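Engineer: sequence and computational prediction follow.
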Amino acid sequence: MKTLQLNLAKKLLIVDYENKEKLDEAWDYYKAFGKPTTMFDGTPTKALLKGTFMTQENYKSLLPLDDQYSISKFPKAYLISYSRFENAFKDLIEKEGFHWLENPIEEPTMEKYGWYSANSQEEESGWMYEEGEEKYYKALKEWKHAESRTLRFPIIFEILK
């Protein structure tokens, strides 16, 4: 489980769950009570939003756009674009070293780096390119690191303290 705290219009705690089933189970639990919950070292929190079902209005409500410096802090929120508030929120997440909902790096495949799989008529598989194996494992390491920093199944909580 990954967590990230942000100080925006509200003090937020983003908790990323392992998969969609755990996300749905946690969301149902927090919403069933309809009141603040104590979690994470006894910090009182309140479940606000399920990250996978957010609208532009949800994103906008999290950004402190009434701040006098908000145009320099959140320039994408002031662009004429349908997804401007989502993009501004994603920028904040990326500044913290995380990715929002999807890994920006495509998962590498061995074939892309020159792996050749033998068929029934050929004797063995192998790398067609001299540095193919090294490049593949380097790309795989980069992808795994980005994957470990991707918030795929998040719930956004307000920290009430």
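Structural biologist: Yep, it's here. Residues are numbered from 1 along each chain as shown.

Engineer: and the helix or strand containing Glu147, which residues are buried?
Structural biologist: Assigned by DSSP states H and E, Glu147 belongs to helix 132-148. For helix 132-148, the buried set under the neighbour-count rule, 16 or more other CB atoms under 10 Å, comprises 132, 135-136, 139, 143, 146. For glycine as for every other residue, the C-beta is placed from the backbone atoms N, C-alpha and C.

Engineer: ok, those residues vs Lys46, which is closest?
Structural biologist: Ala146 (30.4 Å; CB to CB).

Engineer: can you give me the strands in this structure?
Structural biologist: 2-7, 11-16, 37-39, 43-50, 99-100, 115-116, 126-127, 150-151, 154-159 (DSSP state E).

Engineer: report the separation between Lys138 and Thr109.
Structural biologist: 14 Å (CB to CB, to the nearest Å).

Engineer: now tell me which helix or strand of the chain has the poorest mean pLDDT.
Structural biologist: helix 70-73 (a mean of 66; mean pLDDT, DSSP states H and E).

Engineer: coming back round to it: show me what the helix holding Glu147 is packed up against.
Structural biologist: Counting contacts by 3 or more CB pairs under 8 Å, 6 or more residues apart in numbering; DSSP states H and E, helix 132-148 packs against strand 115-116.

Engineer: list the contacts of the strand it packs on.
Structural biologist: 125-128, 132-133, 136 (CB atoms under 8 Å, 6 or more residues apart in numbering).

Engineer: let's see that with 6 Å instead.
Structural biologist: Outside strand 115-116, the residues that touch it by CB atoms under 6 Å, 6 or more residues apart in numbering are 125-128.

Engineer: same question, stretch 83-99
Structural biologist: By CB under 6 Å, 6+ apart, the surrounding residues in contact with stretch 83-99 are 4, 56, 59-60, 63, 74, 76-77, 100, 149-151.

Engineer: going by neighbour count, which of the residues you listed comes out on top?
Structural biologist: Leu151 (23 neighbours; other CB atoms under 10 Å).

Engineer: which ones are touching that residue?
Structural biologist: 16, 98, 100.

Engineer: what's the closest of the residues you listed to Lys46?
Structural biologist: The nearest member of those to Lys46, counting by CB to CB, is Asp16 at 17.8 Å.

Engineer: contacting residues for that closest one?
Structural biologist: By CB under 6 Å, 6+ apart, the contact list for Asp16 reads 2, 151, 153-154.
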